[in-house]
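Enquirer: Please find the sequence and the predicted model below.
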There are 2 protein chains.
Amino acid sequence: MKAPRPRLRDVAEAAQTSTKTASRVINGDVRVSASTRARVEQAVVDLGYRPDPLARSLRLGQDETIGVVVDEVGDPFFASVIGEIERMALDRGVSVIIASTRRLAERERIVLDGLLQRRVAGLIIASISDTHAYLRTSPCPLVFIDRAAEDLAADAVVVDDRGGARMAIEHLMRHGHRRIAYIGDRLDTATARYRLAGYRDALEAAGIAPDEDLVAEVEPAKGDAGVAAETLLRLANPPTAIFSANTRCSLGTLPTVHRLRRTDIGFVSFGDFAMADTITPAITIIEHSPELIGRLAAERLFSRLAGEDPPVETILAPLRVVPRGSGELGPA
Amino acid sequence: MKAPRPRLRDVAEAAQTSTKTASRVINGDVRVSASTRARVEQAVVDLGYRPDPLARSLRLGQDETIGVVVDEVGDPFFASVIGEIERMALDRGVSVIIASTRRLAERERIVLDGLLQRRVAGLIIASISDTHAYLRTSPCPLVFIDRAAEDLAADAVVVDDRGGARMAIEHLMRHGHRRIAYIGDRLDTATARYRLAGYRDALEAAGIAPDEDLVAEVEPAKGDAGVAAETLLRLANPPTAIFSANTRCSLGTLPTVHRLRRTDIGFVSFGDFAMADTITPAITIIEHSPELIGRLAAERLFSRLAGEDPPVETILAPLRVVPRGSGELGPA
DNA sequence: CACCGCTGTGACATCGATTACCTCGTCCGG
DNA sequence: CCGGACGAGGTAATCGATGTCACAGCGGTG
């Protein structure tokens, strides 16, 4: 009963021409006479023809699809990034395949490999790994987000992690803090290393001797940020302020801070989150907009897909301190 | 320099056999002699052969990909749902294409059409539209989430919206509230209608006359939930409690409630969110786990893709009140 | 007038994998 | 000893669109 979807061949037959000419019309080739063009266009409408993207991809050796690889799709930061990328892709009729690495270099390999096998047209990657040799001959444009690829000349959209962390610490110091704790990601990601470096920069510049007891390296997915916070706050000589180096650490740490009724402590979060301005005290943040990062990355990728070939660049998304209260509390 | 990726033909040649036999080995056909099988397998390893998914899809008329269509990828609820689906898909080597409708029925049509054109193997859909006639002859299994398709016999994973809303209102009434406001989504989505119905059920069962001034229908994406909350709280005869019918409304409403220093008001949110248990007072919620919904939907879809054919079913994900403070405040 | 170049067109190969259909032995029962 | 079932494997068509290349017709040119 149900008619199978029309093929190019059917269109060609209806228009009394060859598939090649029909293909020309559809792809906007100029060298087709007006009358033939009209017949084909009519046939397309009559039959409701739509080219099969699969066949097209096979022939062209490339899929009208981009891949986005992030740590974890459910992470609010990446969810917003992806949302923005998807928005831009949809406008261009491009599909978005997403994949998450769970912060495992091995999985990253696997999903990237799969995406490349599928011949995606381009990739946006929040890489967890620090070796990308196998991407050096990538057949498609790559844009890194959140963390640049250090061993690869590829576009990246990042924030000034080191400078941002330093800004956060200096902000706390301006409000009188001298003992400031750091809670951040595992140091096997570059982002975490840079932010920790920024923290140390600021302390050193202020002539404060670093205290390793105040540096906690955690795995936010495991929920151990809260444990780290509790440990810090129970030290014999506890910090008067905490710097949380990313959103998920903040989300893990703050419930503990509140449970222990230590809302008197100074707090700055690298990255915003829902309700940050509503809890008491409201949380001072280093703001970096995931939507902006997504947009910049997608723009870059689409411009390359459109054939433009600007020099490889690492784009810095802007960063600023948004004081809301928790970062302006002085030490006891 | 760079060798092109090996094709099945290369494998066949290396194993001194035909593509057909090589294909049989790869697809696990039993009727291949042990020695031939071994040769082919060796060749596959030697050449690092990986079948081209595009070609395979074309031939099979189906892509090893599932589509997930939601309101908005950046929405925390859907982000978690997608995260869980992606997790399950990756385990099966299936890719996930995401698309968002922005709550526009027209866009929903477009993205679904695109996905169907791509011949996805299956679809998971949070539908915004209420006509799905064009999906009736869908070539692939469908699973609806969050909202069932009323005009289509298809699987769905939903929560008991009406009952859940009723639970929320009854909870507030048990703590003495009689004037309870409702803030929820536009009523052109079924979910919103059910939740509002549940709200009305509860009031009616308690013999409370409904007051339409207390019902606000908003568009959370536009940020007008906060405006609605302010309007409600400034009424001559204001409510003593607010029921927020979904997470995004809660995220929009609560900053306003706090800004107006009206944290004395009763509050229940349909749907959890980050920091809900950390703000003061902590927010009482109707809990429905997005991860669970994602998992159930994905399980259903994969079971159909595996050829199982259970009767079409609407699965109810469980729901419960999680009291945290804001829902247990009595009226002034 | 022969030749050149340009335009519009179509037959056919191609992308890489799957499959309908066929061939060739071999082994078995009758 | 023969027919036929069966196992193993090969040939070529197929999926649907696009690239290659050749060709016909036409106008201009030396």
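Expert: Received it, and whenever you're ready, just let me know what you need.
Enquirer: Please make it C-alpha for all contacts and neighbour counts, starting now.
Expert: Fine.
Enquirer: Could I get the buried residue list for stretch A:51-60?
Expert: Using 16 or more other C-alpha atoms under 10 Å in any protein chain shown as the test for burial, stretch A:51-60 gives A:51, A:52, A:53, A:54, A:55, A:57, A:58.
Enquirer: These in helices, which ones?
Expert: A:53, A:54, A:55, A:57, A:58 (DSSP state H).
Enquirer: Include pLDDT when you put those residues into TSV, please.
Expert: Output for these, formatted as TSV (pLDDT from 0 to 100):
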residue	pLDDT
A:53	93
A:54	94
A:55	95
A:57	94
A:58	94
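Enquirer: residue contacts, the residue in the stretch 201-332 of chain A that DNA strand C sits nearest to?
Expert: Scanning the stretch 201-332 of chain A for the residue nearest DNA strand C gives residue A:305, at 20.7 Å (criterion: C-alpha to the nearest atom of the strand). Shown in contact with residue A:305 (C-alpha atoms under 8 Å, 6 or more residues apart in numbering or on different chains): A:121, A:122, A:141.
Enquirer: from the residues you listed, which is closest to DNA strand D?
Expert: residue A:121 (15.1 Å).
Enquirer: what's near enough to touch the closest one?
Expert: Taking C-alpha under 8 Å, 6+ apart, one finds A:62, A:63, A:64, A:65, A:66, A:140, A:141, A:305 in contact with residue A:121.
Enquirer: any idea which helix or strand carries it?
Expert: Element membership of residue A:121 [criterion: DSSP states H and E] is strand A:120-125.
Enquirer: From residue A:287, how far out is residue A:265?
Expert: 20 Å (C-alpha to C-alpha, to the nearest Å).
Enquirer: ok, back up a step: using CSV, write down the CA coordinates of the strand holding residue A:121.
Expert: The C-alpha trace of strand A:120-125 is given here as CSV (Å, rounded to 0.1, in the frame of the first residue of the first chain):
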residue,chain,number,x,y,z
VAL,A,120,31.4,13.1,10.5
ALA,A,121,32.0,16.4,8.8
GLY,A,122,33.5,17.9,11.9
LEU,A,123,34.2,17.4,15.6
ILE,A,124,33.9,19.5,18.7
ILE,A,125,35.8,18.0,21.5
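Enquirer: can that strand be found next to DNA strand C?
Expert: No: against DNA strand C, strand A:120-125 shows no contacts by C-alpha under 7 Å from any atom of the strand, the least distance being 14.2 Å.
Enquirer: number of nearby residues for residue A:177?
Expert: 23 (other C-alpha atoms under 10 Å in any protein chain shown).
Enquirer: Let me know the pLDDT of it.
Expert: In this model, residue A:177 is scored at 98, pLDDT.
Enquirer: Report the contact partners of it.
Expert: By C-alpha under 8 Å, 6+ apart, the neighbours of residue A:177 are A:240, A:241, A:266, A:330, A:331.
Enquirer: Could you do residue A:96 as well?
Expert: A:65, A:66, A:67, A:68, A:86, A:89, B:97, B:98, B:99.
Enquirer: Surely the first one forms part of a strand?
Expert: By that I understand residue A:65. Yes: according to DSSP: H, G, I helix; E, B strand; the rest coil, residue A:65 belongs to a strand.
Enquirer: Can you give the contact residues for stretch A:142-150?
Expert: By C-alpha under 8 Å, 6+ apart, the surrounding residues in contact with stretch A:142-150 are A:122-127, A:130, A:132, A:154-159, A:190-191, A:293, A:297, A:300-301, A:314.
Enquirer: In helices only, show me the residues you listed.
Expert: Those of these lying in helices (DSSP H): A:190, A:191, A:293, A:297, A:300, A:301.
Enquirer: how near is the last one to residue A:99?
Expert: Spelled out, it's residue A:301. Counting by C-alpha to C-alpha - residue A:301 and residue A:99 are separated by 17 Å.
Enquirer: Please apply the same query to the second one.
Expert: Distance of residue A:191 to residue A:99, given as C-alpha to C-alpha: 20 Å.
Enquirer: Which one of those two is surrounded by more residues?
Expert: residue A:99 (28 against 24).
Enquirer: That one: what's its closest spatial neighbour, skipping adjacent residues?
Expert: Spatial nearest neighbour of residue A:99, chain neighbours left out: residue A:69 (4.9 Å); criterion: C-alpha to C-alpha, 6 or more residues apart in numbering or on different chains.
Enquirer: sec struct for that neighbour, please.
Expert: Here residue A:69 is strand, with the state taken from three-state DSSP.
Enquirer: wait, what's in contact with it?
Expert: Contact partners of residue A:69, counting by C-alpha under 8 Å, 6+ apart, are A:98, A:99, A:100, A:101, A:108, A:111, A:112, A:123, A:124, A:125, A:126, A:127.
Enquirer: same thing with residue A:192?
Expert: A:184, A:185, A:186, A:245.
Enquirer: Is there a quick PyMOL command that grabs whichever of those residues are buried?
Expert: Of the contacts of residue A:192, the buried ones go into a single PyMOL selection, burial set by 16+ other C-alpha under 10 Å:
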select buried, chain A and resi 184+185+245
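Enquirer: Pipe the contacts of residue A:192 into JSON lines and attach secondary structure and distance to DNA strand C per row.
Expert: As requested, those are exported to JSON lines (DSSP: H, G, I helix; E, B strand; the rest coil; distance: C-alpha to the nearest atom of the strand, whole Å):
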{"residue": "A:184", "secondary structure": "strand", "distance to DNA strand C": "44"}
{"residue": "A:185", "secondary structure": "strand", "distance to DNA strand C": "40"}
{"residue": "A:186", "secondary structure": "coil", "distance to DNA strand C": "39"}
{"residue": "A:245", "secondary structure": "coil", "distance to DNA strand C": "45"}
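Enquirer: among the contacts of residue A:192, which are in reach of chain B?
Expert: By C-alpha under 8 Å from any C-alpha of the partner chain, no member of those lies near chain B.
Enquirer: relative to strand A:63-70, how tilted is the strand holding residue A:121?
Expert: Interaxial angle, strand A:120-125 versus strand A:63-70 (axes from the mean of the first three to the mean of the last three C-alpha atoms, to 10 degrees): 10 degrees.
Enquirer: ok, then the element right after strand A:120-125?
Expert: For strand A:120-125, the following helix or strand on the C-terminal side (DSSP H and E) is strand A:142-145.
Enquirer: Quickly run through the sheet partners of that following strand, with directions.
Expert: Note on strand A:142-145: by DSSP bridges, its sheet partners are strand A:120-125 (parallel), strand A:155-159 (parallel).
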